[in-house]
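*Asks:* need coordinates for the below:
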Amino acid sequence: MPVTGVRATIQDVAQQAGVSVSTVSAVLNDKPTVKDSTRDQVLAVIQQLNYRPRPAIRRPASPPGIRSVGFILREPANPYYAEIIQGAEAYLHERGYRMLVGASFGDGTREQEIVDLIRVKDFDGLLLTPVLGRDTDLAHLFDLRRRNIRFVLLEEVHGIQASLVDVNNVDGAKKGVEHLIELGHTRIAHFAGPRYSLHSQERLAGVREAYSESALVFSDALVVQAGDSLTDGYQAALAYFRDRAATQRPTGVTCYNDLVALGVCRALTELGIRVPEDVSVVGYDDIPLSEFVTPSLTSVRVPKREVGRIAAELLHAEIEDGPAATPRKVYLQSELVVRRSTCPCPAASEPRPTTRSRARRAELQDTATA
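*Replies:* Predicted coordinates:
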């Protein structure tokens, strides 16, 4: 066992595992020549000694007391991430860390390249909003785990054992649809996010759940594949609403994020469809811009700075103290912020309550008469 405070070497791992240095190297490089039992034995010692391979080529060392963390974000054009970065950076800066930010632009290959660079440059840890998809190669994340490099996810990756900080996306999206149902809307469409995003899938699940708890009938025809940007929302809305008769179009729309929602609003205005008088629009994230556009945007507010701060806190703890036996998962709650982009459905004589709100009213009535 190496002396406390001294970084373990590959020789320490080999000695404690009872194998050669070349065998340890083969395990680290995922060579198929190592028996499974030997591989498991070496990996257990690597974890026990908190061993991290030193890169072959390194830049000059950081100034004394300064340590480094990487943050790979997926959608750099989305202002949503600015507040997350601020929350994480403020926490880490106070503890002597510097955070460098890279962007994958939703490209799994770019994400791999940035992870490889972070590994080679010997960063202490990583925060990551991962690129996901049916054909996504996650080998770089397994490699981080194998090399004992700490990382915390801001979106879950099935099959990867890692700490996670996220919001309850199902509940958040559900709140947006329930708000429109309360206002009497019965035809509500959802402009979905990119297919590589688990958040998009979770928010669509929230839409479905809101429908299932109401008298409305959900249909896949109500889902519009949009994306994550202003342009995505704008183009998807033009295509969807342009040739649709007023009697056939939805009177309410929920969106993957605020950027998509703002793009939808722009398209509706160009088509002569009023927001919210003809179509009410709900966004997600509550970026600062939502409050300043006309009409101001009703949105599901995510506690973005808190997401960043908690993610940095979990990563810092893993770097300093080692990973927890069970990865820690923190889910934060969102809240609906109602502004001027939503109003009662023009065809509804009065708001139609959801199943949940009807039950709540019954509780209040029972209390009043008790």
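
*Asks:* what are the ranges of the strands in the stretch 101-250 of the chain?
*Replies:* Using DSSP state E, counting those that start in this stretch, the strands of the stretch 101-250 of the chain run over 125-128, 150-153, 163-167, 188-192, 223-225.

*Asks:* save the ones you listed as TSV, and put in mean neighbour count and distance to A210 too.
*Replies:* For every residue, glycine as well, the C-beta is placed using N, CA and C. Written out in TSV, the entries for the strands of the stretch 101-250 of the chain read as follows (neighbours: other C-beta atoms under 10 Å; distance: least, C-beta to C-beta, whole Å):
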stretch	mean neighbour count	distance to A210
strand 125-128	25	30
strand 150-153	24	27
strand 163-167	22	17
strand 188-192	25	8
strand 223-225	17	13
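
*Asks:* kindly reformat those strands as TSV containing mean pLDDT and distance to I287.
*Replies:* Formatted as TSV, the entries for those read as follows, by pLDDT from 0 to 100; distance: least, C-beta to C-beta, whole Å:
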stretch	mean pLDDT	distance to I287
strand 125-128	94	19
strand 150-153	93	22
strand 163-167	96	14
strand 188-192	98	16
strand 223-225	97	21
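
*Asks:* can you check which of those strands gets nearest to Q48?
*Replies:* Taking C-beta to C-beta as the criterion, strand 150-153 is the member of the strands of the stretch 101-250 of the chain that comes nearest to Q48, at 15.6 Å.

*Asks:* show me how far that closest one is from its chain's centre.
*Replies:* On the basis of C-alpha atoms, centre = their mean, to the nearest Å, strand 150-153 is displaced by 13 Å from the centre of the chain it belongs to.

*Asks:* check stretch 254-274 too.
*Replies:* Using C-alpha atoms, centre = their mean, the mean C-alpha position of stretch 254-274 is found 23 Å from that of the whole chain.

*Asks:* that stretch: which residues count as buried?
*Replies:* Of the residues in stretch 254-274, those with enough neighbours to count as buried (16 or more other C-beta atoms under 10 Å) are 254-268, 271, 273.

*Asks:* may I have stretch 338-345 exported as CSV, CA atoms only?
*Replies:* Output for stretch 338-345, consisting of C-alpha atoms alone and laid out as CSV, is shown next (Å, rounded to 0.1, in the frame of the first residue of the first chain):
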residue,chain,number,x,y,z
VAL,A,338,-46.9,31.3,-15.9
ARG,A,339,-46.5,34.3,-18.1
ARG,A,340,-48.3,35.7,-21.1
SER,A,341,-47.8,33.0,-23.8
THR,A,342,-50.6,31.0,-22.4
CYS,A,343,-54.3,31.8,-21.9
PRO,A,344,-57.7,30.0,-21.7
CYS,A,345,-58.6,28.1,-24.8
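
*Asks:* so which residues make contact with it?
*Replies:* In this structure, residues lying in contact with stretch 338-345 by C-beta atoms under 8 Å, 6 or more residues apart in numbering are 179-180, 183-186, 251-252, 261, 265, 275-277, 280-283, 290-291, 294-299, 350-351.

*Asks:* now, which of those residues lie within strands?
*Replies:* Helix and strand membership here follows DSSP state E; of these, those in strands are G252, S280, V281, V282, G283, T298, S299.

*Asks:* so what's the first one up against?
*Replies:* Contact analysis of G252 by C-beta under 8 Å, 6+ apart lists L180, L183, H185, R187, I188, A189, V279, S280, V281, V282, T342, C345.

*Asks:* about what we covered before: out of the strands of the stretch 101-250 of the chain, nearest to Y331?
*Replies:* With respect to Y331, and counting by C-beta to C-beta, the nearest of those is strand 163-167 at 5.7 Å.

*Asks:* remind me what the closest one packs against, helices and strands.
*Replies:* strand 150-153, helix 304-321, strand 329-332 (3 or more C-beta pairs under 8 Å, 6 or more residues apart in numbering; DSSP states H and E).
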